[in-house]
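Q: What shape does this take:
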Amino acid sequence: MRRTIFLVDDHDVVRAGMRSVLNDSFEIVGEASEVGPAIAGIIDTEPDVVVLDINLPGGGGAAVIESVRPVRPDVRFMALTVSTNRDAVMRMMNAGVDGYVTKTTQAEDLPGLIDQTAEGQRPVSPDVAGFLLDIDEDIVSDSPRLTPRERQVVNLIARGYSYRETSSRLEISVKTLEKHMGSIFEKLSVVSRNELAALAFEEGYLEA
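A: Numbers count the residues shown, from 1 in each chain. Model prediction:
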């Protein structure tokens, strides 16, 4: 059974382009160009993933997430946008976006990124990760709560790397990484990678 997706963008041409790229891989259950119709449509269709722009008439992509999440908590959201503005990304992350992908992404990569979002991973485009999700090692190193290895893990996970990618870069097993993540979650009182990244924003662990 194919995953279901809902497309939200205020440009008809962009939505048409997404349909042509994604129609073979997913069941597109709805589309919207504004916040109000997007909220109603998503609540009605309950898609697996919503692919949405940040800038939308009626309040923006964050308003869509904030309105839908309490009613349909299982729906995941992947931003697909041109914006790499720090404040815009913070707004979306604080709203609970599950993935943040820029429109410079290659079309053939989109289905895989949507699948990652649906599976609970946190895809983030490299240009966004490099600009906003680069943990400030000097600041984090001042915290006695995290070991040096845990700080390395946080740095990569906050950049959007998967567990497998992180374990490969650190040359440790996925099982060992999971133990580190359990310790990090306990020490920082978070329960997900989204919360971990949001905490980094809130505590100023990020380079401007």
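Q: Which residue ranges make up each domain of this structure?
A: Domain assignment for the chain by automatic domain parsing gives 4-125, 133-202.
Q: tell me the SS of I172?
A: coil (DSSP: H, G, I helix; E, B strand; the rest coil).
Q: Same question for V101.
A: strand.
Q: Now do the strands in this protein.
A: 4-8, 27-32, 49-52, 76-81, 99-102 (DSSP state E).
Q: for the fourth one, packing partners?
A: Of the remaining helices and strands, those touching strand 76-81 by 3 or more Cβ pairs under 8 Å, 6 or more residues apart in numbering; DSSP states H and E are strand 49-52, helix 61-68, strand 99-102, helix 110-118. Every residue, glycine included, has its C-beta placed from N, CA and C.
Q: what are the pairing partners of that strand, and which direction each?
A: Its sheet considered, strand 76-81 pairs with strand 49-52 (parallel), strand 99-102 (parallel) by DSSP bridges.
Q: weakest of the domains of the chain in terms of mean pLDDT?
A: Among these, domain 133-202 has the lowest mean pLDDT, at a mean of 74.
Q: still on that earlier bit, adding mean neighbour count, write the domains of the chain out as JSON lines.
A: Listed next are those as JSON lines, based on neighbours: other Cβ atoms under 10 Å:
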{"stretch": "domain 4-125", "mean neighbour count": "18"}
{"stretch": "domain 133-202", "mean neighbour count": "16"}
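Q: For stretch 23-40, which outside residues touch it?
A: 2-12, 15, 19, 22, 41-42, 44-45, 47, 50, 52, 56-60, 63-64, 67-68, 111, 114 (Cβ atoms under 8 Å, 6 or more residues apart in numbering).
Q: Distance from the chain centre to that stretch, please.
A: Relative to its chain's centre, stretch 23-40 lies at 18 Å (Cα atoms, centre = their mean, to the nearest Å).
Q: same deal with stretch 103-113?
A: 14 Å.
Q: again, but for stretch 37-54
A: 15 Å.
Q: Any chance of the helices and strands packed on strand 76-81 in JSON lines with distance to V82 as columns?
A: Converted to JSON lines, the helices and strands packed on strand 76-81 look like this (distance: least, Cβ to Cβ, whole Å):
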{"stretch": "strand 49-52", "distance to V82": "13"}
{"stretch": "helix 61-68", "distance to V82": "12"}
{"stretch": "strand 99-102", "distance to V82": "6"}
{"stretch": "helix 110-118", "distance to V82": "15"}
